[in-house]
Structures are given as C-alpha cells and as structure tokens.
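*Asks:* Take a look and give me a structure for this.
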Amino acid sequence: MTRALPVVVVLAIAIGAALFVYARQARASIDETPPPPNAPPPEPGSTWSAPARAQPYLGAIAEAETRYSLPHNLLARQLYQESRYRADIISGATSSSAGAIGIAQFIPATAAELGIDPTDAFASIDAAARYDRQLFDQFGSWDQVLAAYNWGPTKLAEKGLAAAPRETVAYYSGILGDLGIA
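*Replies:* Below is the predicted model:
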C-alpha cells in the first residue's frame, strides 16, 4: 500500500500537468479561430481576418465602413482590439478599468456625446465608425484617428502623435500593421 501511494501521486501530478497544458493551448487558440466561410478575404498586405465570434457583427461593420468611407476591415480590427468580440465585454458585464463599456469600449461621456447606449452593439458599431470618420476629418490620417480614439482627441491635438504613450502607439500600429496600412 505504501508503495502504491507514490505512483498515485506521480500519476496525479502528470494528469494535472497535462490538463494545465491543454487548457493553456485551448485558451490561446480562442483568438486564432479561422474566419467564417462568408467573411470577406483579407486585403492585400493584410495579415488579419475577423475571428468566428465576430460573425454576428460583420454585416453591420461592413455597412458602417462603407457608409463612413473607412478602409476595409479597419473597424472590424479596431473592435477586435477593443472587445475581442467577447460576449461579456459587448454586453457591458465586464468594463475596462477606465469604465469603458461595450463592443467599441466607449466611456459613458463619449457614448452620451454620440447619443448611444454602449451596450447596444449595433448602435455602437455605427457610432464607432461615425466617430472614426469625424476623427479622420479632424486629423487626416488613420494613425492619428486610432491614437485619438485610444488616447483622446484633446490629448492628441494638444500633445501630438509623437508624445502618445506606448499603449497608444501599440494600439494604432498593431491595428494598421495587421491591415497592411501605413
């Protein structure tokens, strides 16, 4: 009996380790799901396509990108950056440390300015595209649009893109890099 105990302990540790590795791999693969079959192909130079869980929103995103003359997949990739298309974030059950809510991660003041409920994903999709267009009309480049969305248009206007914090630089360069937009 005493000889069996170490074997059981070793076996339990091995099973636990295998389950841990499997769980980490499963978690990592969540963001690597292939795009749905009817998703538009990536643009030339793009290395990004929307994950499967974005499927319910892709029609509204494409419509908003067209309505506001945004580059193909810019809004889809931006919303992925904001919410990862996670149901708990989209519903508002999980908010950011800054209080941002919903698929587009609007802070309540911005949502109020745009006249939307940030937990209404479809209203937020249109509002995010409209806001991106307003920012483009103000700043004139997509890197500045994304920096203003992330950091705030007032800070960008006052301090300039060169003074943007690392988080903001990573935000806009990651999105634009994935889409092949310089």
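*Asks:* The residue nearest to residue 88 when sequence neighbours are not counted: how many residues sit nearby?
*Replies:* Spatially, and ignoring its direct neighbours in sequence, residue 88 is nearest to residue 94 (4.4 Å; C-beta to C-beta, 6 or more residues apart in numbering). C-beta here means a position set from N, CA and C on the backbone, and glycine is covered the same way. Using other C-beta atoms under 10 Å, residue 94 has 12 neighbouring residues.
*Asks:* Residue 94: helix or strand, and which one exactly?
*Replies:* Assessed by DSSP states H and E, residue 94 sits outside every helix and strand.
*Asks:* Give me the domain ranges for the protein.
*Replies:* The record's domain parsing of the chain by automatic domain parsing lists 1-32, 36-179.
*Asks:* mean confidence for the longest one?
*Replies:* Spelled out, it's domain 36-179. Average pLDDT, domain 36-179: 93.
*Asks:* Now do the helix or strand harbouring residue 58: distance to the chain's middle.
*Replies:* Under the criterion of DSSP H and E, residue 58 resides in helix 58-67. Put simply, helix 58-67 sits 16 Å off its chain's centre (C-alpha atoms, centre = their mean, to the nearest Å).
*Asks:* How far off centre is the helix or strand just after that helix?
*Replies:* Downstream of helix 58-67, the next assigned helix or strand under DSSP H and E is helix 74-83. Relative to its chain's centre, helix 74-83 lies at 4 Å (C-alpha atoms, centre = their mean).
*Asks:* same for helix 74-83, what does it pack against?
*Replies:* Here helix 74-83 touches helix 58-67, helix 87-90, helix 121-139, helix 142-151, helix 166-179, going by 3 or more C-beta pairs under 8 Å, 6 or more residues apart in numbering; DSSP states H and E.
*Asks:* Residue 104 versus the closest residue to residue 64 other than its chain neighbours, what's the distance?
*Replies:* Setting aside the residues directly before and after it, residue 64 is nearest to residue 129 in space (C-beta to C-beta, 6+ apart), at 3.6 Å. Distance of residue 129 to residue 104, given as C-beta to C-beta, to the nearest Å: 9 Å.
*Asks:* more crowded one of the two?
*Replies:* Neighbours of residue 129 and residue 104, each counted by other C-beta under 10 Å, are more numerous for residue 104; the result is 28 against 25.
*Asks:* With adjacent residues omitted, what lies nearest to residue 115?
*Replies:* Leaving out its chain neighbours, the residue that sits closest to residue 115 by C-beta to C-beta, 6+ apart is residue 127, at 7.6 Å.
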